[in-house]
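Asks: Sequence below, structure please.
(one chain, ligands or ions: 2)
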Amino acid sequence: MATFNWQRAVIKVGSALISPDGKQCSARYLLAIARFITASREQGKEVVLVSSGSVAAGRAEINIHHPPSIAEKQAMAAIGQSKMMANWSRFFDFPCAQLLLTYDDLHNRTRYVNIKNTLRELLNHAALPIINENDTVAINELKVGDNDNLAAYAALVAQADTLIICSDVDGLFDQDPRLNPQAKRLDVIEEIDEEIFALAGGAGTKMGTGGMQTKLQAAQKCTQSGIQTLIVNGQKGDVFDQLLEGKINGTLFKPVASRDNARSQWLKHTLKSNGKVSIDSGARNAILNKGASLLPSGVVEVSGHFNSGDAVTIEYQNTPLAKGLALYGLTDLNAIKGLRSSEIAGVLGYTFGEAVVHRDDMVLL
Ligand SMILES: Nc1ncnc2c1ncn2[C@@H]1O[C@H](COP(=O)(O)OP(=O)(O)O)[C@@H](O)[C@H]1O
Ligand SMILES: N[C@@H](CCC(=O)OP(=O)(O)O)C(=O)O
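Replies: Ligands and ions are numbered 1, 2, ... in the order given. Coordinates of the predicted model:
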């Protein structure tokens, strides 16, 4: 059995676990998962949940006798979403927070930053974020389409170190175990290549979407960004007892890049800088020697064309020191430069937080 360590995980729970009979929400499998979440938080770890099940939970409320149209599924999701949230909430004595996202939200820079900031605050305040696709607005190209890939995006935006996909199968097998009972589980995957993709089939039940293919796509996105990914059987309570002891009764996909490295490379090389933020010597010292965020008090001059969420270069006396994602756009930053963070709300009428560039979103050059 492979072992692992983690600090912040996204846990994805599929429809087959939320609604095993495909009609309404059930507590059958969720109790063990909820216990795992609570015990992990008690160990000081952080959890974000990606939960499917809104369509399945709403299905019983809409009386149709043909395969549902997209609009009918959207209606089911709208009915089922609150049932699914209520089903989770009853297991916890901390707040559960609902986040409904689309592909568009995750690929629009400003929205992405807003999602990231919201997640950060929810975790700071010990709430449990529960993410699902916003099925009302998302069809076709707006949709992530399956919650495995949504969970991978969630792990990226939440800056998690681990993605745990809970399914109705014990992990990745060398062939679909539903079709061949002789299939053997693969415990550790070093790298996801074509041969690994060739093992994966589609969804196993009418409740599931995507099957092993989408789980592998999710694992590939995460492992390439330094996030280890697990597929475990969420129907088996002892799997979660073992996870609490750091043992994986499932498949572990190892990261193929270090997390810091993947993110630094992205910030450094992939993101185009849209502006310059010149800082004073105090801010330079805080950034270079103390690992601090950039606060408005240290900003001297601002130039370029950037909005909240865009990348900027941080300079001291014309020498680039760092690159990062600005929480404030050019106009806002011009208005708050040199001020204390506590003055931001008074000047702008709102605040995106006390930092101009948060340390998590900064890379030294
Ligand atoms: N190589 C494989 N290893 C394991 N499961 C596979 C494989 N190929 C296809 N599957 C199928 O994928 C299913 C899990 O995906 P899915 O039905 O979408 O569940 P979920 O609701 O958890 O997302 C399994 O029940 C299994 O039948
Ligand atoms: N948003 C949909 C997600 C459907 C989906 O991806 O389901 P699954 O393959 O079980 O993770 C729902 O909540 O029903």
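Asks: Need the contact partners of the worst-scoring helix or strand of the chain on mean pLDDT.
Replies: Within the chain, no helix or strand scores below helix 259-265, which has a mean of 80 by mean pLDDT, DSSP states H and E. Under the criterion CB atoms under 8 Å, 6 or more residues apart in numbering, residues Gln159, Asp161, Gln224, Ser225, Gly226, Ile227, Ala257, Val363 lie in contact with helix 259-265. To be clear about C-beta, it is placed using only N, CA and C from the backbone, and glycine gets the same treatment.
Asks: what's around the last one, how many residues?
Replies: Spelled out, it's Val363. Other residues near Val363 come to 17 when the count uses other CB atoms under 10 Å.
Asks: Can you list the buried residues in stretch 21-37?
Replies: Gly22, Gln24, Cys25, Ser26, Tyr29, Leu30, Ala32, Ile33, Ala34, Phe36, Ile37 (16 or more other CB atoms under 10 Å).
Asks: Checking Val137 next. Helix, strand or coil?
Replies: Secondary structure, DSSP: H, G, I helix; E, B strand; the rest coil: Val137 is coil.
Asks: And the strands in the stretch 1-150 of the chain?
Replies: Listed in chain order, the strands of the stretch 1-150 of the chain (DSSP state E, counting those that start in this stretch) span 2-3, 8-13, 46-51, 96-101, 128-133.
Asks: Who are the packing partners of the third one?
Replies: For strand 46-51, the elements it packs on are strand 8-13, helix 30-42, helix 70-89, helix 109-124, strand 128-133, helix 147-157, judged by 3 or more CB pairs under 8 Å, 6 or more residues apart in numbering; DSSP states H and E.
Asks: ok so, going back, CA atoms only: put the least confident helix or strand of the chain into PDB for me.
Replies: C-alpha atoms of helix 259-265 as PDB (Å, rounded to 0.1, in the frame of the first residue of the first chain):
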ATOM      1  CA  ARG A 259       4.300  22.300  -6.800                       C
ATOM      2  CA  ASP A 260       6.500  25.400  -6.200                       C
ATOM      3  CA  ASN A 261       8.300  24.800  -9.300                       C
ATOM      4  CA  ALA A 262       5.200  24.300 -11.500                       C
ATOM      5  CA  ARG A 263       3.600  27.500 -10.100                       C
ATOM      6  CA  SER A 264       6.800  29.500 -10.300                       C
ATOM      7  CA  GLN A 265       7.400  28.500 -13.900                       C
END
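Asks: start at 56 instead
Replies: Got it, the first residue is 56 from now on, which makes the last one we talked about helix 314-320.
Asks: just how off-centre is it within its chain?
Replies: Centre-to-centre, helix 314-320 and its host chain are 16 Å apart (CA atoms, centre = their mean, to the nearest Å).
Asks: helix or strand right after that helix?
Replies: As assigned by DSSP states H and E, the chain's next helix or strand after helix 314-320 is strand 328-334.
Asks: in that next one, what counts as buried?
Replies: Ser328, Asn329, Gly330, Lys331, Val332, Ser333, Ile334.
Asks: and it, what other elements does it pack with?
Replies: strand 354-359, strand 366-371, strand 374-381.
Asks: right, so of the ones you listed, which gets closest to ligand 1?
Replies: Nearest to ligand 1, of all those, is strand 374-381, at 31.9 Å by CB to the nearest ligand atom.
Asks: Return only those of the buried residues of stretch 76-92 found close to ligand 1.
Replies: The subset of these within reach of ligand 1, by CB under 6 Å from any ligand atom, is empty.
Asks: Of those, which one scores lowest on pLDDT?
Replies: pLDDT across these is lowest for Gly77, at 80.
Asks: can I assume that residue is in contact with Arg114?
Replies: Yes. With contact defined as CB atoms under 8 Å, Gly77 counts as touching Arg114 (6.4 Å).
Asks: Can you tell me what sits against stretch 111-128?
Replies: Stretch 111-128 is contacted from outside by 70, 73-74, 77-80, 110, 130-136, 138-139, 142, 190, 194, 262, using CB under 8 Å, 6+ apart.
Asks: Just the buried subset of these, please.
Replies: Listed as buried from the contacts of stretch 111-128 are 70, 73-74, 77, 79-80, 110, 130-132, 134-136, 138-139, 142, 190, 262; burial here means 16+ other CB under 10 Å.
Asks: Please report how far Val105 lies from Ala210.
Replies: Val105 is 9 Å from Ala210, where distance means CB to CB, to the nearest Å.
Asks: same deal with Gly384?
Replies: Remark: distance between Gly384 and Ala210 (CB to CB) = 27 Å.
Asks: between those two, who's got more neighbours?
Replies: Ala210 (28 against 20).
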